[in-house]
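>>> Provided below for reference: sequence and predicted model.
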Amino acid sequence: MKISKQAPYVAICFASAFLLFVIQPLIAKAITPQYGGSASVWNSAMMVSQILLLTGSLYAYNLLSNKNAQPKRQHTLISAVVVLLSLLLPFYALENPLPEWTGKLAPELAVPAIMALSMGPAMILLGSQSPIVQRSWAIASGDSNPYPLFISSNAGSLLGLVAYPFLFEPFLSVESQVTIWKTGVIVTIIASGALMISSWKKSNIALWREEEAQKNSQETTDRISIKQQFSWLIRAMIAVIVMMSAGQAISSDIMSMPLVWIFPLAAFLVGYMTAFSEKEETDFKRNLKLPQTGVVILGITAANTIIMAEPAAGILALISIGLVTHGLMRPAYQTRPPVSMIARFYLILSIGGAIGGIIASIIAPQIFNWRWELPIAVAISAFLMMPTSSGDTENKTKITRKIASVIAIFGGVISIILQAAGLIEFDHLAGILLVTVAVTILTTNRPLRFTMWIVWMMVSLGLATQAMNDGKGMTRRSYYGIMEVEHKKIAGENATLLIHGTTIHGYQIEGQPEIPTAYYTEKSGIGDIMKWAEARPKPVKIGIAGLGTGSIACISPKSANITYFEIDEEIIRTATDDFTFIKSCAKDTKIVLGDARLAIRESGEKYDLLIVDAFTSDAIPMHLVTSQALDIYASKLNKNGWLIVHVSNRYLNVKMPIAGWAKSKGYEAYFLHNEPKGKSYATSSEWIAVRPEGWQTQEGSWKPDERWTKTEGGTLWTDRKSSILQILKPF
């Protein structure tokens, strides 16, 4: 009977959360193409959502406070206003191009502003529903524990995230998605208002209980100390920082799109759901130490970006986000206040989440050159974990802990010394180091000791080297990612490398600045097409999406007219200050700042070669290879011009959408994989070439490399419909 009466309340909690979370990937995807496909757009979306959720919690707190004499009337009026705003406000995120005023703001401010103006009022009211509905249920039923309704709210959030890439995105246009969302918002708000009016009339006994709780509210506040409330806030804040920073690190190597974005947030929500369950088994039988294991795994992956790039490590890190969230938030639920303070409780959690979002998306990128917020948050998480075993158990493992501690200390010291000297890579010692440190960590139940070993493990695995690189000014960070300029030996020669995320984007041999290297050598796909350009009787015009180190300039004909399109100012500074490809080979090269797709579209020029070589870490921005984007490039080609796309990727078969587009247009697409052998300055690379006028077996002195193979089939991506499931490589 209780379940049937509770059903409308469950439905409203579920629906409001579903609508809150289904709009996040929708609006982020709509904006992403205008900001270079950066994964930071998704972090901005989550930050805005946290702030709007906080505003909704403030509204709920005010509405449900003891001083509010007419909550029903106030809520009805506010609901009516929000319904009108949802119908009348323009959805700025769908405008293409975006409103002119956005160009005057830095991306860190423009993206949140667009999102807040597009969906702000509705999200604020949706964000207030959980505490309002839970309080309404308590009043209507006399139930002293409405907190399990929070689980239905998190379930709605999780389903909203999953529904978008699998149900909304593949089958509906963006305009249809927005229409459905607005309709859902209006229906949910009206239903919630009606439910509140009905609930607050139903039971005099329940109202009497509420009045008694209000009389004792000051006493309750005194019992719940400032320290306890601060603990709730810190736990919520750290959980959000872990989720956002780890999620960005994981997704930067694949592709900036909803299917990739949702997994870290989904893991976070699962952790919250289990933390707020009444069942004691959701503590994971604390002696299993699963939350602590999650901290260990995140510490390992946070310490070194190369580890994070491994598929198995990335999957474990995703799971660990949920484990750590559970470990952080379970104590908050266990120390939750009585129902009379439910609005205060959720308000504090919302404040913590909003602060965490601001730190991860705005403050950390401004003060850190690298993703230091992740290991810092992991260390704090370790300290906040609940003890996992009794003192008796600890005494039994004292000898084991001491032996493991000695091994871990010596192993860590040796690892740090050898890394600093450049004599050995971290992975050569990772086996012993991880085993010993993990044993040490998992044989302690003291938060401070646990934290110290987590920090030591991260320092030993790579943070020490990362700190040295930071101190030398080798690490740079922008809205579009993290890059490092390093000096290493390539084929026995000293070289300067550009590493973006976990991927080498190019390198230059010191003392031989004009030698083509990496993906851009004579044997690569782009190298072969440049031989065609060299054989042309007239100078060629070349447009290049993505600057990197600027090394394509040194494989291009000396007479070529080259224009680069680059969205990241930090990359431009790096290519011109730390590398000399452009200065050595093409001093007159033009560099256009802006998103390549938009800049090429607005360009009044036509090109003999258009090269798409834009990457964020290992991922090519999805909006650069949709059918609409490829149509733009084709329209900018001169007669007999070439469209060349660099499609090297560890996880995705990026040639497929280009091949699918070429087939739909009746063009021929050819693919070349170059795998260098022996001592070489080249690295493995994959290129796909499309020529609207068709391929020829010979032009002048140029013949195509025999390794070019015609690509059949493929899958067609559009701005409205695309999925990486179609091009995912087997791990």
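Done, it's in. Keep in mind that this is a model prediction, so the values were computed, not measured.

>>> please count neighbours and contacts with C-alpha atoms only from this point.
Fine.

>>> and the nearest residue to A495 once chain neighbours are set aside, backbone torsions?
Closest residue in space to A495, ignoring its immediate chain neighbours: I509 at 4.4 Å, by CA to CA, 6 or more residues apart in numbering. Dihedral angles phi and psi of I509 (degrees, to the nearest 10) take the values phi -80, psi 120.

>>> and I509, how many residues sit next to it?
Using other CA atoms under 10 Å, I509 has 22 other residues around it.

>>> ditto for P264
Neighbours around P264, by other CA under 10 Å: 25.

>>> tell me how far it lies from G299.
P264 is 16 Å from G299, where distance means CA to CA, to the nearest Å.

>>> show me the strands in the stretch 501-650 of the chain, by range?
503-509, 541-545, 561-566, 590-593, 607-612, 637-646 (DSSP state E, counting those that start in this stretch).

>>> now swap in the chain and tell me
Taking DSSP state E, the strands of the chain run over residues 475-478, 481-490, 493-500, 503-509, 541-545, 561-566, 590-593, 607-612, 637-646, 668-674, 685-691, 709-710.

>>> okay, these in TSV with distance to W661 next?
What follows is the strands of the chain, written out as TSV (distance: least, CA to CA, whole Å):
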stretch	distance to W661
strand 475-478	32
strand 481-490	29
strand 493-500	29
strand 503-509	26
strand 541-545	19
strand 561-566	23
strand 590-593	27
strand 607-612	15
strand 637-646	12
strand 668-674	9
strand 685-691	10
strand 709-710	14
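
>>> could you dump the ones you listed into JSON lines with mean pLDDT added?
JSON lines is the format used below for the strands of the chain (pLDDT from 0 to 100):
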{"stretch": "strand 475-478", "mean pLDDT": "82"}
{"stretch": "strand 481-490", "mean pLDDT": "84"}
{"stretch": "strand 493-500", "mean pLDDT": "86"}
{"stretch": "strand 503-509", "mean pLDDT": "85"}
{"stretch": "strand 541-545", "mean pLDDT": "93"}
{"stretch": "strand 561-566", "mean pLDDT": "92"}
{"stretch": "strand 590-593", "mean pLDDT": "92"}
{"stretch": "strand 607-612", "mean pLDDT": "94"}
{"stretch": "strand 637-646", "mean pLDDT": "92"}
{"stretch": "strand 668-674", "mean pLDDT": "92"}
{"stretch": "strand 685-691", "mean pLDDT": "92"}
{"stretch": "strand 709-710", "mean pLDDT": "91"}
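
>>> the ones you listed: which one's closest to V270?
For the strands of the chain, the distance to V270 is smallest for strand 481-490, at 27.6 Å, taking CA to CA.

>>> that closest one to strand 503-509, inter-axis angle?
When axes from the mean of the first three to the mean of the last three CA atoms, to 10 degrees is applied, the directions of strand 481-490 and strand 503-509 differ by 40 degrees.

>>> please identify the buried residues of strand 481-490?
Residues G481, I482, M483, E484, V485, H487, I490 are the ones in strand 481-490 that count as buried (16 or more other CA atoms under 10 Å).

>>> what sits against the last one?
Translated: I490. I509, Y681 (CA atoms under 8 Å, 6 or more residues apart in numbering).

>>> and it, what are its bridge partners?
E493 (DSSP bridges).

>>> if we can go back for a sec, do you know which of the strands of the chain lies nearest N653?
Comparing the strands of the chain by CA to CA, strand 685-691 comes nearest, at 10.0 Å.

>>> quick one: the residue most central in space within the chain from L52, how far?
The structure's the chain has its C-alpha centroid closest to Q248; by CA atoms, centre = their mean the separation is 3.1 Å. Plainly put, Q248 is 21 Å away from L52 if you go by CA to CA.

>>> then A689?
A689 is 46 Å from L52, by CA to CA.

>>> mind giving me the domain ranges of the chain?
With domains defined by automatic domain parsing, the chain comprises 2-282+328-367, 513-726.

>>> so what's the residue count around the residue nearest to W456 when sequence neighbours are not counted?
Closest residue to W456 apart from its sequence neighbours, by CA to CA, 6+ apart: G412 at 7.6 Å. For G412, the count of nearby residues is 24 (other CA under 10 Å).

>>> give me the below-cutoff pLDDT ranges for the stretch 301-450 of the chain.
Scanning the stretch 301-450 of the chain for pLDDT under 70 picks out 308-309, 339-340, 387-398, 400-401, 404, 422-444.
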